[in-house]
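Chemist: Mind looking at a prediction? Sequence and model below.
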Amino acid sequence: MIERTSRRSGPVAARVRELERHSLRRPNVFAPGVISLASGDPAGLAPDRVVDRLRAAVERGSLGYTHPYGLPRLRERIAAWLAGPPRASATSPSGAAPAVPAPAPPAWERILVTQGASSGLAAIALALLDPGDRVLLPSPTYSLYADVARLAGAVPEFVSARPPGHPLPLEGIAERAAGAAMLVLSNPCNPTGAVCSERDLRELTDIAERHDLLVVVDEAYSSIVYPPARFTSALAIEELDERLVLVDTFSKRLCITGLRLGFVLAPPALARSIQRVHHTLLGPVGTPVQEAVAGLLEEGIGSVDRHLLAECGHRRELVGEALSEVPEVVYRPPDGGFYAFFRVPGLEDSDGVARQLLTRGVAVRPGAEFGPGGEGWLRLSFCGDREELAQGLQRLIGAFPELLATATTQEGTR
Ligand SMILES: Cc1ncc(COP(=O)(O)O)c(C=O)c1O
């Protein structure tokens, strides 16, 4: 529970002090010369069409406010697109057959356009959580979820998957679900790349129904699923509909991280509250980017999905080859997303290892940033420039023999 301290004990709100004390997020800025494999930013792969459409929107003078919850044309387009690939249809961009039939398009009024997925997640937490509410987070997981829960005064509870390759520690979730208010899931998972099966989602739905749990599913990486893995959207599980809050973003799939465009889809009563909170905090998202993405969705983004999947697929192979050069490395290529999550037994302090790697000119993320289930692991992002990736990988694998030798010597002198 949040400590009830007097306002006079400091100028900052208690929930913000809690956030500062507990946040697992690590800095994302590194010294010059360091190759960053730390950030999930595929902006270098952005299609020219995005820039053309943005320019056209600005030239048309589309510079005013839109509807506070987002341009109706964009919301309609998103609703229609949600019923097609990659959610579940015969032409999934990964080429894989659909796990379950395509869902019917949701009513566009249930959609809120957000500043990337991030502001959607914050609005969900502030709209739906009361102070002291428990929020279950299958871990390892994206570090923002715990922070937005704390900002709302709620209490994140990590449920660790061991080993961390499975997205849903269902037993642990079932044990902790009584009395919890919400569960937040990243599918495909950042950082592990694990993808939930239809069966996983159905079992989760059963638990959620039994315990009246709200389920927030973040499908930011749904367009990047490598065959033979198959993506099943939470939207395809009808029984989940009344308690599902879906979060998504165009940041990764259109490689436009800096343009800040995402959305939330929620059941009508919840959607109204989330929309109100988002409007109060942020107002509508920039008009040119909303128009650009509406236009792209009208035209179809299947080719962008295929391009990104192919680019990520090449890089995933590069990473697999490089990591296989170090026999000690434990690594299974991700089924989805563009992160490699791996460990080197003997190098267990992920923050310490990440710091050591920085001194050798390469930045990765310590697994501890993703909750207790991630400690002992490292995450590298492979969506950036190919040359840099190759160089960063050389620095990384070159460092391990020395780090291992030092760790063994330290162990021996203890
Ligand atoms: C799972 C997941 N959700 C959401 C986000 C944030 O997305 P956005 O940049 O659109 O706010 C990220 C960014 O890395 C992510 O990995």
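Modeler: Sure, I can see it. None of the values given here were measured: they were computed from a predicted structure.

Chemist: for the nearest residue to T114 once chain neighbours are set aside, what are its contacts?
Modeler: Among residues not flanking T114 along the chain, G120 sits closest, at 3.7 Å (Cβ to Cβ, 6 or more residues apart in numbering). (C-beta placed from N, C-alpha, C; glycine too.) G120 is in contact with 112, 114, 247, 249, 262-264, 274, 278, counting by Cβ atoms under 8 Å, 6 or more residues apart in numbering.

Chemist: Then L128?
Modeler: L128 sits in contact with 181-182, 214, 245, 270, 273-274, where contact means Cβ under 8 Å, 6+ apart.

Chemist: and the gap between G371 and A161?
Modeler: 10 Å (Cβ to Cβ, to the nearest Å).

Chemist: Between those two, which contacts overlap?
Modeler: 139-140.

Chemist: quick one: A161 and P140 touch, right?
Modeler: Yes - between A161 and P140 there is a contact under Cβ atoms under 8 Å: 7.4 Å.

Chemist: more neighbours, those two?
Modeler: P140 (30 against 24; other Cβ atoms under 10 Å).

Chemist: correct me, but the more buried one touches T192?
Modeler: Yes - counting by Cβ under 8 Å, P140 does reach T192; the two are 5.8 Å apart.

Chemist: sorry, back to before: let me have the contacts of G120 in CSV, extended by pLDDT and neighbour count.
Modeler: CSV is the format used below for the contacts of G120 (pLDDT from 0 to 100; neighbours: other Cβ atoms under 10 Å):
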residue, pLDDT, neighbour count
L112, 98, 28
T114, 98, 29
V247, 98, 26
T249, 98, 25
G262, 98, 23
F263, 98, 25
V264, 98, 29
I274, 98, 24
H278, 98, 27
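
Chemist: show me which of those residues neighbour the ligand.
Modeler: 249, 262 (Cβ under 6 Å from any ligand atom).

Chemist: for the contacts of G120, which one is nearest the ligand?
Modeler: For these, the residue nearest the ligand by Cβ to the nearest ligand atom is T249; the value is 3.2 Å.

Chemist: Compute the distance between the closest one and D218, please.
Modeler: Relative to D218, and taking Cβ to Cβ, T249 is found at 8 Å.

Chemist: Which residues are in contact with each of these two?
Modeler: By Cβ under 8 Å, 6+ apart, T249 and D218 have these common neighbours: A117.

Chemist: circling back to that earlier point, quick check: neighbours shared by A161 and P140?
Modeler: Counting by Cβ under 8 Å, 6+ apart, the residues touching both A161 and P140 are G373.

Chemist: Next one: the closest residue to the ligand within the chain from A123, what distance?
Modeler: For the chain, the residue closest to the ligand is G116, as judged by Cβ to the nearest ligand atom, at 2.6 Å. Computed as Cβ to Cβ, the G116 to A123 distance reads 12 Å.

Chemist: again with A354
Modeler: 31 Å.

Chemist: the more surrounded of these two?
Modeler: A123 (27 against 21).

Chemist: contacting residues for that one?
Modeler: 112, 114, 264, 274-275, 277-278, 281.

Chemist: V216: what secondary structure?
Modeler: strand (DSSP: H, G, I helix; E, B strand; the rest coil).

Chemist: so it sits right up against I124, yeah?
Modeler: Yes - using Cβ under 8 Å, V216 is in contact with I124, at 6.0 Å.

Chemist: Need the overlap of contacts for the two.
Modeler: With Cβ under 8 Å, 6+ apart, V216 and I124 have common neighbours 245, 247.

Chemist: Compare these two and say which one has the larger neighbour count.
Modeler: Neighbour tally, V216 and I124, criterion other Cβ under 10 Å: the higher count belongs to I124, 30 against 25.

Chemist: Whichever strand or helix holds that one: what's the following helix or strand?
Modeler: I124 belongs to helix 116-128 when elements are defined using DSSP states H and E. Under the assignment DSSP H and E, the closest C-terminal helix or strand after helix 116-128 is strand 134-139.
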